[in-house]
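Engineer: turn this into a structure:
(one chain, ligands or ions: 2)
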Amino acid sequence: MTGPIRLYHLSDIHFGHEDRQAIDWAKREIARGRPDAVAITGDLTMRARHREFAAASDWILALDVPVTVEIGNHDMPYFNLVERFFDPYRRFKAIEQLVEAEIDLPGLAIVPLKTAVRAQPRFNWSKGYVTRPALAKCLAAIDALPKGVRALVAVHHPLVEVGTRGTALTRHGENALCELAKRPVLAVLSGHVHDAFDLVHQTADGPVRMIGAGTLSRRLRSTPPSFNELMWDGTELKVIVRNLEQVATQDMQIEGIPEDAMPPRKPGEPVAPVGRVPAVDPPVH
Ligand SMILES: [Fe+2]
Ligand SMILES: [Fe+2]
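Structural biologist: Ligands and ions are numbered 1, 2, ... in the order given. Got it, this is the predicted structure:
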């Protein structure tokens with residue numbers, strides 16, 4: 001290996017309600033930093049409209065690096081319930097065809113686990129749900145990896161609650177984490193809650209690292225728009241939360257109790273994101 005593997009972990013761009021300044025900056029950073037891959041953990045669109053997917057396709061195609069995407073709860077038809085029930089993944093599949101089905105990096109593989117479902121036996125279908133077939137598919141992919149290769153499991157919903165303001169309430173998530181804990185999983189990458197985190201969850205079968213990326217949309221929770229930069233040197237996985245506001249990584253990551261990591265406002269300044277501090281690109285890492 002000629003240096004650490006660098007991966008940019010983006011999430012929840014929500015085309016249709018994207019933060020234009022944030023996605024232009026992210027695109028520039030990808031062009032400048034040239035990561036080995038970009039992993040997008042779902043909610044590419046706001047309402048799964050055709051025009052939103054078209055905008056997402058254009059944006060992704062312009063990135064000259066390998067990209068992988070997971071489906072989020074916002075990426076299934078919202079208004080057309082017939083299509084949602086009978087062909088929920090059709091619009092998303094068009095995007096999947098543009099990107100890598102699998103990304104294999106030296107000693108590392110990004111393995112998807114689907115957590116967004118067309119419907120589920122509770123009122124709120126936006127929450128996470130790990131079906132048995134989805135988990136079986138993910139575990140089989142991990143078990144098929146060559147010896148010594150570690151998996152980064154890409155999901156949309158965090159598999160358990162992590163103390164963010166937004167919730168995932170993923171059904172069967174704890175069970176999934178137990179199964180992942182038995183395998184060579186480096187971390188589980190997720191989105192959905194629109195705030196970043198990096199923590200270790202203890203399961204009955206051992207610890208699993210969970211890394212969440214924030215959002216590049218205008219749907220902010222506690223932190224300004226951001227994405228994660230991951231660096232893996234074969235021994236240690238480092239995470240930096242990149243953001244236009246240059247808020248320090250530790251202040252961008254939610255731990256246990258939600259924190260407000262928005263940059264301080266000057267008296268009379270409008271509430272972010274309208275009045276964010278002037279954009280100064282952070283140094284390239
Ligand atoms: Fe989202
Ligand atoms: Fe979501």
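
Engineer: what about the longest helix in the chain?
Structural biologist: helix 20-33 (DSSP state H).

Engineer: export only the CA atoms of it, formatted as CSV.
Structural biologist: Extracted C-alpha coordinates of helix 20-33, given in CSV (Å, rounded to 0.1, in the frame of the first residue of the first chain):
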residue,chain,number,x,y,z
ARG,A,20,-26.0,24.4,-2.9
GLN,A,21,-23.0,26.0,-1.3
ALA,A,22,-22.3,22.8,0.7
ILE,A,23,-22.5,20.4,-2.3
ASP,A,24,-20.4,22.8,-4.5
TRP,A,25,-17.8,22.8,-1.8
ALA,A,26,-18.0,19.0,-1.4
LYS,A,27,-17.5,18.5,-5.1
ARG,A,28,-14.5,20.8,-5.1
GLU,A,29,-13.0,18.9,-2.1
ILE,A,30,-13.5,15.6,-3.9
ALA,A,31,-11.8,17.0,-7.0
ARG,A,32,-9.0,18.4,-4.9
GLY,A,33,-8.5,15.6,-2.4
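
Engineer: so what's the closest residue to ligand 1 within the stretch 101-250 of the chain closest to, chain neighbours aside?
Structural biologist: In the stretch 101-250 of the chain, the residue that lies nearest ligand 1 is residue 192 (5.4 Å; C-beta to the ion). (Each C-beta comes from the backbone N, C-alpha and C, glycine too.) Once flanking residues are discounted, residue 192 sits nearest to residue 157: 4.8 Å by C-beta to C-beta, 6 or more residues apart in numbering.

Engineer: which SS state does that neighbour fall under?
Structural biologist: Put simply, residue 157 is coil when judged by DSSP: H, G, I helix; E, B strand; the rest coil.

Engineer: and it, how close does it get to residue 43?
Structural biologist: Going from residue 157 to residue 43 by C-beta to C-beta, to the nearest Å gives 10 Å.

Engineer: what of residue 123?
Structural biologist: As judged by C-beta to C-beta, residue 123 and residue 43 stand 20 Å apart.

Engineer: that older thread, isn't the residue nearest to residue 192 up against residue 168?
Structural biologist: Yes - judged on C-beta atoms under 8 Å, residue 157 makes contact with residue 168 at a distance of 3.9 Å.

Engineer: tell me which of the two has more neighbours.
Structural biologist: Counted by other C-beta atoms under 10 Å, residue 157 and residue 168 do not tie: residue 157 has more neighbours, with 32 against 26.

Engineer: what sits against that one?
Structural biologist: Taking C-beta atoms under 8 Å, 6 or more residues apart in numbering, we find residue 157 in contact with 73, 115-116, 127-128, 168, 170, 173, 190-192.

Engineer: in strands only, show me these.
Structural biologist: Residues of these located in strands (DSSP state E): residue 190.

Engineer: overlap in contacts of residue 157 and residue 168?
Structural biologist: Shared contacts of residue 157 and residue 168, defined by C-beta under 8 Å, 6+ apart, comprise 115, 127-128, 190, 192.

Engineer: now rank these by neighbours and give me the top one.
Structural biologist: Counting neighbours by other C-beta under 10 Å, the top entry in those is residue 115, with 33 neighbours.

Engineer: now do the residue nearest in space to the middle of the chain against ligand 1, distance only.
Structural biologist: The geometric centre of the chain, computed from its C-alpha atoms, lies nearest to residue 41 (C-alpha atoms, centre = their mean), at 3.1 Å. Here the distance between residue 41 and ligand 1 works out to 10 Å (C-beta to the ion, to the nearest Å).
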